[in-house]
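Engineer: Give me coordinates for this.
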Amino acid sequence: MGKPTLPLKLFCIFFSLTMVIYGQTQLVWNQINDLNFPRNLYSQIMLLDDGRILAVGGISEISDSNKTAEILDSLNGSWHYVQPTQIKRQQGHQLVKLDDGKIIVIGGMVKINETTFESTKSCEIFNPSLNTWTNAASLNIDRQYGFTATKLSDGRILVIGGIQIIDSLRRGISQCEIFDPLLNTWTITDSLKFPRQDHSAVLLNNGKVLVAGGLDGIRNLTKSCEIFDPVTGKWSFVDSTNDTKMYFSMKQLSNGSVIAIGCSSSFEVYDIVNNKWTIKTNLIDYPAMPYLFEKNNKVIVLGRDNLFSLDLSNFTQQFPTLINTQEYDSHYIYLDSNKMLKIGGDTFIGDMIAPSKRCYICENINIVNVDNQSTNKLPNTFELAQNHPNPFNPSTTISFSLPKTEFVTLKIYDVLGKEVVTLTNEELSAGKHTKQWNADGFSSGIYVYKLQAGIYSTVKKMLLLK
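Structural biologist: Predicted coordinates:
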């Protein structure tokens, strides 16, 4: 792989990105040096203790490129390759930072040849001081993807659920196991009450782990929630969410409650003391698997192509904002109170979807002076909403807004980038528009829908689940 072809643009080139006003501050992104290898959400990205950024694995048609790892040494420097992993890891692998600052990569899918993929039990540890990988103990159970890896308060790592292929069918996993980095061992622990995949998990302040939602063993959406107690090593049921959830994120807030948001127009808050989930205000926009962080009594929600905040005093959504780079499904790294990186993602090359090398930095995340009078107002700009319902079977509604008359196309693609249907191909007037898609005859899976209105273009994903 060669060096990045784009020149350094940090601090000098403004890359057209939608802006949001926090007081008088504009949220802007500037392009920095490219990755050497294009990486989307199938790769894994980690902030190291020394401030460098590590990127590992991902999808590629190039032989052995799934083994690549690279590091960004500084924000005004370039990405450079380090020793590759010993196993190809296309997707589904997880990165966790150990207490000593080393990084463990866990499981995932291994590319055997151009048409065959298998799950792996393999784990490896990256030493940032030496930029090298060494083998760690292997998992006891194959976990292809859909599992979570959570570091416990004592430094051990709890791996929960996931997917196995049994008789050519994807089946959820109930077994859990714990990695002890001091002993370099994986030990089977108490199983979930039932198999679970594509769920979300969060470490609580009391040292326990809350897991919610996802799909059960036969791929039905579930509302159930469980808590793992590392002291007893046991799982127990807790209050279920009000809605089924998949492709969502959870975070424990400074007030002790847990927020769950993503892939649904409603979000929920869990009261740990009273063991109660409560639905909060419906969202204007609701990204899948958002990046969440808390600042100044607000939860900042970074989605695939938008950023907004939730006021913790009343849980109202403020300033939904499009993030108009050419990429979506990027990785976000929150550096400090005012800096954030956007790394890779997917992009359209013509009508084809491909991973991207592009990276950006935002250096003025100022969430202090928010004009509450603007709360819940739709922005006067182009907008593409998340489809509803999502997941869906077989029909779903897609809404979008136009600030002026434009010629509009709204197309749907499969996960490989092949166009499967055109919902709109005409001139439309300013205002809000809705289109329905009936997916009878289409197989279950992730689909991408793309809105093109004049020079404006954006995409989102949806899940057909039959």
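Engineer: Ramachandran angles for Lys67?
Structural biologist: phi -90, psi 0 (degrees, to the nearest 10).
Engineer: Skipping adjacent residues, who's closest to it in space?
Structural biologist: Pro84 (3.9 Å; C-beta to C-beta, 6 or more residues apart in numbering). For glycine as for every other residue, the C-beta is placed from the backbone atoms N, C-alpha and C.
Engineer: Same check on Phe228?
Structural biologist: Nearest one to Phe228, counting by C-beta to C-beta, 6+ apart, is Val209 at 4.3 Å.
Engineer: So that neighbour is in contact with Val159, correct?
Structural biologist: No: using C-beta atoms under 8 Å, Val209 is not in contact with Val159, being 10.9 Å away.
Engineer: Between these two, which has more neighbouring residues?
Structural biologist: Neighbours were counted for Val209 and for Val159 using other C-beta atoms under 10 Å; Val159 has more, 27 against 22.
Engineer: Pairing partners for the more buried one in the sheet, please.
Structural biologist: Using DSSP bridges, the bridge partners assigned to Val159 are Ala149, Glu177.
Engineer: Now do the same contact list for it.
Structural biologist: Residues counted as contacts of Val159 (C-beta atoms under 8 Å, 6 or more residues apart in numbering) are 94, 106-107, 139, 143, 147-149, 176-179.
Engineer: From Asn338, how far off is it?
Structural biologist: Val159 sits 34 Å away from Asn338, going by C-beta to C-beta, to the nearest Å.
Engineer: Give me the distance between the nearest residue to Leu451 once chain neighbours are set aside and Trp437.
Structural biologist: Nearest non-adjacent residue to Leu451, counting by C-beta to C-beta, 6+ apart: Leu384, 4.5 Å away. Separation of Leu384 from Trp437 (C-beta to C-beta) stands at 14 Å.
Engineer: Now do the contacts for the residue nearest to Leu451.
Structural biologist: 305, 398-400, 449, 451, 458-460.
Engineer: Got a quick PyMOL command for the buried subset of the residues you listed?
Structural biologist: Entered in PyMOL, the line below selects the buried ones among the contacts of Leu384, by 16 or more other C-beta atoms under 10 Å:
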select buried, resi 305+398+400+449+451+458+459+460
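Engineer: Out of the contacts of Leu384, which sit inside strands?
Structural biologist: Judged by DSSP state E, the contacts of Leu384 include 398-400, 449, 451, 458-460 as members of strands.
Engineer: Of the residues you listed, which is the nearest to Trp29?
Structural biologist: Thr458 (15.0 Å; C-beta to C-beta).
Engineer: Would you mind confirming that the closest one makes contact with Gln386?
Structural biologist: No: here Thr458 does not reach Gln386: they are 11.6 Å apart, not a contact under C-beta under 8 Å.
Engineer: which residues does the residue nearest to Leu451 bridge with?
Structural biologist: In beta-bridge terms (that is, DSSP bridges), Leu384 pairs with Phe400.
Engineer: Can you classify the residue nearest to Lys67 as helix, strand or coil?
Structural biologist: coil (DSSP: H, G, I helix; E, B strand; the rest coil).
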